[in-house]
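Engineer: curious how this folds, go ahead:
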Amino acid sequence: MNTTFADPPLAIVSGFHALSEPIRLKILDLLREQEVCVCDLSHSLGIAQSKLSFHLKALKDAQLVQTHQEGRWIYYRLNLTQFLMLEEYLSAYRRLSVIRPTRICGQES
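Structural biologist: Below you'll find the predicted structure:
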């Protein structure tokens, strides 16, 4: 069996890495309905802004959230385009994967 694995795109890897942290999932849940400023996210989650900033940076680096500034406040919103890319990546497994019967270990297929 001679299988070659392609490296997934960095956007896919960073997206799934960012989604692996429970606090980040809570942040994303809060952003489902509307844009939210950092101070409101901090209050809703009950965590310090410094800790929150670390997680927001990871989400922003993974392009899962976008920002805009109004005065001194930064507002965060979901980047649905990036979620669509992750969804399409996962759906390819469902659509394109062929499930074959188990082979005997060491036997060529």
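Engineer: would you map the strands across the chain?
Structural biologist: Along the chain, counting by DSSP state E, strands occupy 36-37, 65-70, 73-78.
Engineer: export the ones you listed to JSON lines and tack on mean pLDDT?
Structural biologist: Output for those, formatted as JSON lines (pLDDT from 0 to 100):
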{"stretch": "strand 36-37", "mean pLDDT": "96"}
{"stretch": "strand 65-70", "mean pLDDT": "95"}
{"stretch": "strand 73-78", "mean pLDDT": "95"}
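Engineer: can I get the helix or strand of the chain with the lowest mean pLDDT as PDB, trimmed to CA atoms?
Structural biologist: Lowest on mean pLDDT, DSSP states H and E among the helices and strands of the chain sits helix 80-96, with a mean of 88. Provided in PDB are the C-alpha atoms of helix 80-96 (Å, rounded to 0.1, in the frame of the first residue of the first chain):
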ATOM      1  CA  LEU A  80     -18.700  33.000   7.700                       C
ATOM      2  CA  THR A  81     -16.600  32.500   4.600                       C
ATOM      3  CA  GLN A  82     -13.900  30.700   6.700                       C
ATOM      4  CA  PHE A  83     -16.600  28.500   8.400                       C
ATOM      5  CA  LEU A  84     -17.800  27.600   5.000                       C
ATOM      6  CA  MET A  85     -14.300  26.600   3.900                       C
ATOM      7  CA  LEU A  86     -13.900  24.300   7.000                       C
ATOM      8  CA  GLU A  87     -17.400  22.800   6.400                       C
ATOM      9  CA  GLU A  88     -16.500  22.100   2.800                       C
ATOM     10  CA  TYR A  89     -13.200  20.500   3.800                       C
ATOM     11  CA  LEU A  90     -15.100  18.100   6.200                       C
ATOM     12  CA  SER A  91     -17.900  17.400   3.800                       C
ATOM     13  CA  ALA A  92     -15.400  16.100   1.300                       C
ATOM     14  CA  TYR A  93     -14.700  13.200   3.600                       C
ATOM     15  CA  ARG A  94     -18.400  12.300   3.600                       C
ATOM     16  CA  ARG A  95     -18.800  12.700  -0.100                       C
ATOM     17  CA  LEU A  96     -15.500  11.400  -1.500                       C
END
